[in-house]
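S.K.: coords please:
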Amino acid sequence: MTLKKKDFIEIEFTAKIKEGDIFDSNIKEDLKGRDIKTELKPFILSLGEGMFLKGVEDFLIGKDIGEYNIELTPDKAFGKRDANLVQMMSIKIFAEQNVNPVPGVMFNFDGRIGKILTVTGGRVLVDFNNPIAGKDVEYKVRVLRKVEDLNEKAKALIELLFKRDLKFEIKSFESKSQASFASEAGGKQEKKLIIEVEKPLKQFIEMFKDKFKEILDLDLEVKETDNNSKKSQ
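M.R.: Okay, here's the model as predicted:
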């Protein structure tokens, strides 16, 4: 079964710096001895849609279900180090937040993750490069199966985009312009994804209409609800 772009697949993986430490994995056996606070489970993605590292997705397109060891150079992985991303900052910025900058500690600066390199007097040197930038990496990937169920695909995409489990359903419908033709010629019905969210999230979720249409070929409708804690399954 050759894998194609936009195919949904379920994978297990472990990523490490070449001849170095593991920096990401969803395989429990590969993370023995580590304090893991999240549930480890296989990951579902749509190939070629930016849901995983591009170098890995590109490698898997054209392959079959199975296990692969993928070696990637920095240009195919997390990029080369950029000297412009190592910046000097005033220690006042940290003082205003009641934070003590310590070398080696990572901080979130308005969505940018930076690592403290040095603290000298009133100046702090911060590295905003990805910690894996400039390094060769290795991915061990097990493609477990191709995902065919549309509900399972929608659930995976929702969790990836919004980092939460939202109540949804998929309904078939016919547009007014298609209804008469469909009844006479057995035309194809359209499908709609209906997501229920609390009012503050409605406008944000609607921003992803094009993404759901592009990846799943589903029109998106967002409904307000007072309770979206129930799972879709």
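
S.K.: now do the domain split for the chain, please.
M.R.: Residue ranges for each domain of the chain read 8-78+134-147, 83-127, 150-224, as given by automatic domain parsing.

S.K.: off-centre distance for the first one?
M.R.: Centroid displacement of domain 8-78+134-147 relative to its chain, using Cα atoms, centre = their mean, to the nearest Å, is 12 Å.

S.K.: over to the second one?
M.R.: On the basis of Cα atoms, centre = their mean, the separation between the geometric centre of domain 83-127 and that of its chain is 27 Å.

S.K.: what's the span of it, first residue to last?
M.R.: 9 Å (Cα to Cα, to the nearest Å).

S.K.: from here on, count from 43
M.R.: With the count now opening at 43, the last piece we talked about shows up as domain 125-169.

S.K.: and the contacts of stretch 142-161?
M.R.: By Cβ atoms under 8 Å, 6 or more residues apart in numbering, the residues outside stretch 142-161 that reach it are 128-129, 133, 136, 141, 166-170, 173. From N, CA and C alone the C-beta is placed, and that goes for glycine too.

S.K.: using PDB, write out every CA atom in that stretch.
M.R.: The C-alpha trace of stretch 142-161 is given here as PDB (Å, rounded to 0.1, in the frame of the first residue of the first chain):
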ATOM      1  CA  ASN A 142      15.800  35.700  37.800                       C
ATOM      2  CA  PRO A 143      17.600  34.800  34.500                       C
ATOM      3  CA  VAL A 144      19.800  31.800  35.000                       C
ATOM      4  CA  PRO A 145      22.100  30.300  32.200                       C
ATOM      5  CA  GLY A 146      20.600  27.200  30.700                       C
ATOM      6  CA  VAL A 147      17.000  28.100  31.500                       C
ATOM      7  CA  MET A 148      14.300  28.400  28.800                       C
ATOM      8  CA  PHE A 149      11.800  31.200  28.800                       C
ATOM      9  CA  ASN A 150       8.800  32.100  26.600                       C
ATOM     10  CA  PHE A 151       9.100  35.600  25.300                       C
ATOM     11  CA  ASP A 152       5.700  36.400  23.800                       C
ATOM     12  CA  GLY A 153       5.500  33.100  22.000                       C
ATOM     13  CA  ARG A 154       9.300  33.000  21.200                       C
ATOM     14  CA  ILE A 155      11.200  30.300  23.100                       C
ATOM     15  CA  GLY A 156      14.700  31.500  24.200                       C
ATOM     16  CA  LYS A 157      17.500  29.900  26.100                       C
ATOM     17  CA  ILE A 158      19.600  32.000  28.500                       C
ATOM     18  CA  LEU A 159      23.300  31.700  27.600                       C
ATOM     19  CA  THR A 160      25.000  34.200  29.800                       C
ATOM     20  CA  VAL A 161      24.200  36.900  32.400                       C
END
